[in-house]
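S.K.: my questions concern the predicted model and sequence given below.
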Amino acid sequence: MNGASLDDLVDLLGRWASGRGPLYLLLAVRLRALIDDGVLPPDEPLPPDRVLAKRLAVGRGTVVAAYDLLQQEGRVVRRQGSGTRVAALDLPATRTADGVVANPLLLHILHPPDGVRLLTCAAPQDPPQAMFEAYEEAGARLAGVLDLGYQPAGNPALRAALADYYTARGVPTTAGEIMVTTGAQQALTLLTGLLVAPGDTVLVESPTYPGALEVFRHAGAVVKPVTPEAMRERHALAYVVPTARNPDGAVMPNGERRRLATHAAEHDVPLIDDEVCAELCFSGETPPPLAAFGPGSGRGEQIVTIGSLSKLVWGGLRVGWIRAAAPLVSRLARLRAVHDLGGEVFSQLAAAALLRRLDEVRRARVRTLRERHDHLCAELRAHLPSWSFEPAHGGQTIWVRLPLAEVDSFTQVALRHGVAVPPGRSFDPLGGHADHVRLHFLFPEEELSRAVNDLAVAWADFDGTGRTASRHTLIV
């Protein structure tokens, strides 16, 4: 990079060091914003470590650490001899109006391509009849309700229904320990905004839900894999998906749940239990939430549970919640009031009605998901035998390993063959799992077959041998 370009970059960085937290994180946050905004375009060379460090009057280690973090996220490429460049992604980069970085996994939602089967968004598209009936019931109730929705903690009827739901699952809960949110993503954002400062460490599983990773990164956190050793130290937050985990559908054994809850209590680490897919276990039984394993009263004061109806009922039903100690709920409600004052009342009343029919809705959804899961697995074994995976125990997705660690390139080939799949690195806090993809099984069986057909043709094209296409008869 020449001198003028270096000066231009320094101008673009602006007052990057004026925030709180380690300098390398602050630098990475600002560079990430410039990349995601498209200000630094794909394949743009970045200054060498020593050059940028000297210009910014920081140690070389600060720049190296910032570049390494961006490389883990897949935003830059570092090669010896050719320096550091912005990653050449064939997807539009964008940020939302409030400045939150858009995860590459979600860009197909923001900019949906024409004629492409989207295996990137795992949200049910076929709402059950019970949802329409719940809205009819909510409409009848709404006529006598004077609540305008200016309640940041949520509608009282829904908070009471959710308290009863958790109490029935072995975790005594009051309405004061429930906060209703606009989906689980808002729950994560509020919790992170309240509990995490720049430079704080957040522990997560690997792989894990990529939407959570982006929330933590936007907060300037250091995101690390959760391990028993790491849980013995004090961190700002730990985040796990113990039941029907996104992306692999795994279910955590009760012994491990108890260990996590114990470590959280002993070291005073807030532990988020993401139960968004918890009711989608193929066994038909929903394991207890982590809070049920907390010491003492069994309430698990350090454990925060989040949930949503978007996976169980319908992706468009944007009703989620937080179950936490009452003082934390009060603080979260005050924070939320700054942003939107409260959620939409009609959907909250419908959600309360749906909770009364939870068993009915769950049985139907799990039956459909299990059938589609088995169909997808059979299609993959038949048409892509070199791909490997473990069947899911629940949820909506399976985690598939490809025989080549070039998934980012393959996803571009797949896109040209009409199917969008998310690369594994989006699910890893350190940018690993470069040989994995996540596939959902929410489509009807015929459409899943066509998606596998598209993937098999793309794989034969990408592999360059034609072996997959010639060995098996592909579905037309």
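M.R.: Yep, it's here.

S.K.: the residue nearest to residue 331 when sequence neighbours are not counted and residue 330, how far apart?
M.R.: The spatial neighbour of residue 331 that comes closest, neighbours along the chain excluded (CB to CB, 6 or more residues apart in numbering), is residue 194 at 6.0 Å. No exception for glycine: its C-beta is placed from N, CA and C like everyone else's. Taking CB to CB, to the nearest Å as the criterion, residue 194 is separated from residue 330 by 11 Å.

S.K.: one more: residue 287?
M.R.: Relative to residue 330, residue 287 is positioned 29 Å away (CB to CB).

S.K.: the more surrounded of those two?
M.R.: For residue 287 versus residue 330, neighbours defined as other CB atoms under 10 Å are more numerous around residue 287 (20 against 15).

S.K.: burial measure for residue 181, as a count.
M.R.: Other residues within reach of residue 181, judged by other CB under 10 Å, total 27.

S.K.: quick one on the thing from earlier: return the set of buried residues in the helix or strand the residue nearest to residue 331 falls within.
M.R.: With the criterion set as DSSP states H and E, the secondary-structure element containing residue 194 is helix 183-195. Judged by neighbour count using 16 or more other CB atoms under 10 Å, the buried positions of helix 183-195 are 183-193, 195.

S.K.: same question for stretch 328-346.
M.R.: In stretch 328-346, counting by 16+ other CB under 10 Å, buried: 328-329, 331-333, 336, 342-343, 345-346.

S.K.: can you check stretch 75-91 too?
M.R.: Residues of stretch 75-91 classed as buried by neighbour count (16+ other CB under 10 Å): 75-77, 83-87, 89, 91.

S.K.: next: stretch 379-388.
M.R.: Neighbour counts over stretch 379-388 (16+ other CB under 10 Å) mark 379-380, 383-384, 387 as buried.

S.K.: same check on stretch 7-25?
M.R.: The neighbour-count check on stretch 7-25 (16+ other CB under 10 Å) flags 9, 13, 16, 21, 23-25 as buried.

S.K.: before we move on, what about stretch 398-406?
M.R.: For stretch 398-406, the neighbour count (16+ other CB under 10 Å) marks 398-402 as buried.

S.K.: can you redo the buried residues of stretch 75-91 as TSV with secondary structure, distance to residue 116 and pLDDT?
M.R.: Written out in TSV, the entries for the buried residues of stretch 75-91 read as follows (DSSP: H, G, I helix; E, B strand; the rest coil; distance: CB to CB, whole Å; pLDDT from 0 to 100):
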residue	secondary structure	distance to residue 116	pLDDT
75	coil	23	86
76	strand	27	90
77	strand	25	89
83	strand	34	89
84	strand	31	92
85	strand	27	91
86	strand	25	92
87	coil	21	87
89	coil	16	55
91	coil	12	42
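
S.K.: just give me the closest of those to residue 282.
M.R.: Using CB to CB, residue 91 is the member of the buried residues of stretch 75-91 that sits closest to residue 282, with 32.9 Å.

S.K.: report the distance from the longest helix anywhere in the chain to the chain centre.
M.R.: Selection of the longest helix in the chain by residue count, based on DSSP state H, yields helix 358-383. Mean C-alpha position of helix 358-383 versus that of the full chain (CA atoms, centre = their mean, to the nearest Å) differs by 21 Å.

S.K.: which SSE is immediately downstream of that helix?
M.R.: Elements were assigned by DSSP H and E; along the chain past helix 358-383, the next helix or strand is strand 388-389.

S.K.: who touches the next helix or strand after that next one?
M.R.: Remark: after strand 388-389, the chain's next helix or strand is strand 397-401, criterion DSSP H and E. With contact meaning CB atoms under 8 Å, 6 or more residues apart in numbering, strand 397-401 is reached by 122, 207, 246-249, 373, 376-377, 380, 387-392, 424, 435-441.

S.K.: for residue 65, which non-adjacent residue is closest in space?
M.R.: Once its chain neighbours are removed from consideration, residue 65 has its nearest residue in residue 24; the separation is 3.7 Å (CB to CB, 6+ apart).

S.K.: and the one you found, what does it touch?
M.R.: Taking CB under 8 Å, 6+ apart as the definition of contact, the neighbours of residue 24 are 61-63, 65-66, 69.

S.K.: coming back round to it: so the residue nearest to residue 331 makes contact with residue 332?
M.R.: Yes. Under the criterion of CB atoms under 8 Å, residue 194 makes contact with residue 332 at 6.1 Å.

S.K.: which residues does the closest residue to residue 50 other than its chain neighbours contact?
M.R.: Distances taken as CB to CB, 6+ apart put residue 60 closest to residue 50, at 5.4 Å, once the chain neighbours are dropped. Taking CB under 8 Å, 6+ apart as the contact definition, residue 60 lies against 49-50, 53.

S.K.: low-scoring stretches of this structure, by residue?
M.R.: Filtered on pLDDT under 70, the chain yields the residue ranges 1-4, 89-114, 144-147, 296-300, 464-476.

S.K.: domain parsing for it?
M.R.: 3-88, 105-126+360-471, 129-358 (automatic domain parsing).

S.K.: can you get me the start-to-end distance on stretch 72-80?
M.R.: One end of stretch 72-80 to the other measures 16 Å (CA to CA, to the nearest Å).

S.K.: picking up where we left off before, next SSE after the helix holding residue 194?
M.R.: strand 201-204.

S.K.: packing partners of the next helix-or-strand element following that following strand?
M.R.: Heading C-terminal from strand 201-204, the first helix or strand you meet, by DSSP H and E, is helix 210-218. Counting contacts by 3 or more CB pairs under 8 Å, 6 or more residues apart in numbering; DSSP states H and E, helix 210-218 packs against helix 23-36, helix 183-195, strand 201-204, strand 222-225, strand 237-240.

S.K.: so helix 210-218 versus helix 183-195, what angle?
M.R.: Comparing the axes of helix 210-218 and helix 183-195 via axes from the mean of the first three to the mean of the last three CA atoms, to 10 degrees yields an angle of 20 degrees.

S.K.: residues of helix 210-218 that come out buried?
M.R.: In terms of neighbour count (16+ other CB under 10 Å), helix 210-218 has its buried residues at 210-218.

S.K.: would CSV of those with distance to residue 316 be doable?
M.R.: Below are those laid out as CSV (distance: CB to CB, whole Å):
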residue, distance to residue 316
210, 21
211, 17
212, 21
213, 24
214, 21
215, 21
216, 26
217, 27
218, 25
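
S.K.: out of these, the closest to residue 139 would be?
M.R.: Nearest to residue 139 out of the buried residues of helix 210-218 is residue 211 (CB to CB; 31.5 Å).

S.K.: leaving aside the residues adjacent along the chain, what's closest to that closest one?
M.R.: Counting by CB to CB, 6+ apart, residue 211 lies nearest to residue 185, which is 5.7 Å off, once chain neighbours are set aside.

S.K.: that neighbour and residue 134, how far apart?
M.R.: Distance, residue 185 to residue 134, using CB to CB: 22 Å.

S.K.: give me the number of residues near residue 257?
M.R.: Using other CB under 10 Å, the number of residues around residue 257 comes to 22.

S.K.: so who does the residue nearest to residue 331 touch?
M.R.: When the contact criterion is CB under 8 Å, 6+ apart, the partners of residue 194 are 328, 331-332, 335.

S.K.: buried stuff in the strand or helix carrying residue 140?
M.R.: Counting by DSSP H and E, the element that carries residue 140 is helix 129-142. Residues of helix 129-142 classed as buried under the neighbour-count rule (16+ other CB under 10 Å) are 130-131, 134-135, 137-138, 141.
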